[in-house]
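Peer 1: dropping the sequence and predicted coords here.
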Amino acid sequence: MARKIEEIIKNAPWYKKIEVLRILQGWTQEEAAEKCGTSPRIYWNWEKGISYPRTLSRRAIARAFGVPVEEIFGSEKVG
């Protein structure tokens, strides 16, 4: 069962990954925004997939959640 969950998360879009990571941390969106160095509104837009974070923000997100950037965003070269 755990392996199946890992596969689902691995194949999820980046914005669903940050939602799952936030929930696993027990953070509100406001707390996640603060830890990622952004406003709650911008974080909400990221988590809903409305906007895509820039390079520095992607690094801040990964750092806040303690995972490599590639685990969340893949190896794409955007922004």
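Peer 2: In hand now; what should we look at? Numbering: from 1, shown residues only.
Peer 1: going forward, measure contacts between C-alpha atoms and count neighbours the same way
Peer 2: Fine.
Peer 1: leaving out the residues flanking it, which one is nearest to the most centrally placed residue in the chain?
Peer 2: Centroid-nearest residue in the chain: Ile18, 2.6 Å away (criterion: CA atoms, centre = their mean). Computed as CA to CA, 6 or more residues apart in numbering, the closest residue to Ile18 that is not its neighbour in sequence is Glu47, at 6.5 Å.
Peer 1: these two touch, right, the one you found and Lys16?
Peer 2: Yes: using CA atoms under 8 Å, Glu47 is in contact with Lys16, at 6.7 Å.
Peer 1: more crowded one of the two?
Peer 2: Per other CA atoms under 10 Å, whichever of Glu47 and Lys16 has more neighbours is Glu47, with 20 against 17.
Peer 1: what about Lys17, distance to Gly26?
Peer 2: To Gly26, Lys17 is 14 Å away according to CA to CA, to the nearest Å.
Peer 1: higher neighbour count, the two?
Peer 2: Remark: of Lys17 and Gly26, Lys17 carries more neighbours, 19 against 11, as counted by other CA under 10 Å.
Peer 1: let me see the contact set for that one.
Peer 2: Neighbouring residues of Lys17 by CA atoms under 8 Å, 6 or more residues apart in numbering: 9, 72.
Peer 1: cool, and Phe65?
Peer 2: 21-22.
Peer 1: let's go with 7 Å and repeat that
Peer 2: With contacts defined as CA atoms under 7 Å, 6 or more residues apart in numbering, Phe65 is in contact with Leu21.
Peer 1: that one and Ile18, how far apart?
Peer 2: From Phe65 across to Ile18, the span is 8 Å (CA to CA).
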